[in-house]
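> Let's see this in three dimensions:
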Amino acid sequence: MDILRTLVAKDPVLEWPVKFCLGVTTVTYLLTLVTGNVSQVDRVWTLLPTIYVAYYALLPLWPRMACSYFHPYTPSTVQESLISSFSLRALLMLALVVTWMCRRVSIFFCVCVRAL
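From the prediction side, this is the model:
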């Protein structure tokens, strides 16, 4: 955990994404052990990039304190310039990633429906 503290001390904006990544990694690993299916990450791969990009694009909206371990928040040590206004580039990236996610989800469902 010293690596996490060092990383967060350097860049506090990474605090929640790193915690979330560790949680998702742990859950997918445990599901792999329980089910014997090693492709658990494939199920969440469509959603994870969207969650990470949404965190950064919507940074001014998140509360300053964590409501729970997985609830996104903006650490109090983040620069005021990052949370005072939205970044147009980040919002554009969010729109592109959401479009990509919708495409991937539609392809997934089309393949599943054809298999039936």
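
> From here on, just use CA atoms for contacts and neighbour counts.
Noted.

> so what does the longest helix along the chain touch, helix or strand wise?
Longest helix in the chain, counting residues (DSSP state H): helix 88-115. Secondary-structure packing of helix 88-115 (3 or more C-alpha pairs under 8 Å, 6 or more residues apart in numbering; DSSP states H and E): helix 48-57.

> Show the pLDDT at Met1.
What the model reports as pLDDT for Met1 is 59.

> now do Cys102
So, for Cys102, pLDDT stands at 91.

> Just give me the neighbour total for it.
Close neighbours of Cys102, defined as other C-alpha atoms under 10 Å, add up to 14.

> Relative to Ala66, how far out is it?
From Cys102 across to Ala66, the span is 29 Å (C-alpha to C-alpha, to the nearest Å).

> before we move on, what about Cys21?
Here the criterion is C-alpha to C-alpha. By it, Cys21 lies 16 Å from Ala66.

> before we move on, what about Val8?
For Val8 relative to Ala66 (C-alpha to C-alpha), the value is 15 Å.

> These two: which is more packed in?
Comparing Val8 with Ala66 by other C-alpha under 10 Å, the one with more neighbours is Val8, at 17 against 14.
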